[in-house]
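Visitor: Build me a structure from this.
(one chain, ligands or ions: 1)
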Amino acid sequence: MDSSGRRTKLPRCPMCGGPVDIKATPAPPFCSARCQQIDLGRWLGEKHSVPHVASSNDGEESRGDGHGELDES
Ligand SMILES: [Zn+2]
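Guide: The predicted model follows:
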């Protein structure tokens, strides 16, 4: 537990945001294989949940563009 005193050089896990020991992690740049799996699952899950993404011009996301009606009270 006295290996590294400075943890400012450690990269951060994109999943949990914790410090990643690149030399020790089995699944860089994640801190652990679990985080990698979670990230992968999220990726697939998002693709599954959102069939069409990148079309913000033909969806209901562009509300307020032409219509000025508030639907949320
Ligand atoms: Zn992590």
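
Visitor: Can you pull out the low-pLDDT segments for this protein?
Guide: For the chain, applying pLDDT under 70 flags the ranges 1-8, 47-70, 73.

Visitor: Those residues of it touching the ion, which are they?
Guide: C13, M15, C16, C31, C35 (C-beta under 5 Å from the ion). The C-beta positions use only the backbone N, C-alpha and C, and glycine is treated the same way.

Visitor: Okay, and the spatially closest residue to the second one that is not a sequence neighbour sits in which element?
Guide: By that I understand M15. Once flanking residues are discounted, M15 sits nearest to C35: 3.8 Å by C-beta to C-beta, 6 or more residues apart in numbering. Assigned by DSSP states H and E, C35 belongs to helix 33-49.

Visitor: residues in contact with that helix?
Guide: C13, P14, M15, C16, P26, A27, F30 (C-beta atoms under 8 Å, 6 or more residues apart in numbering).
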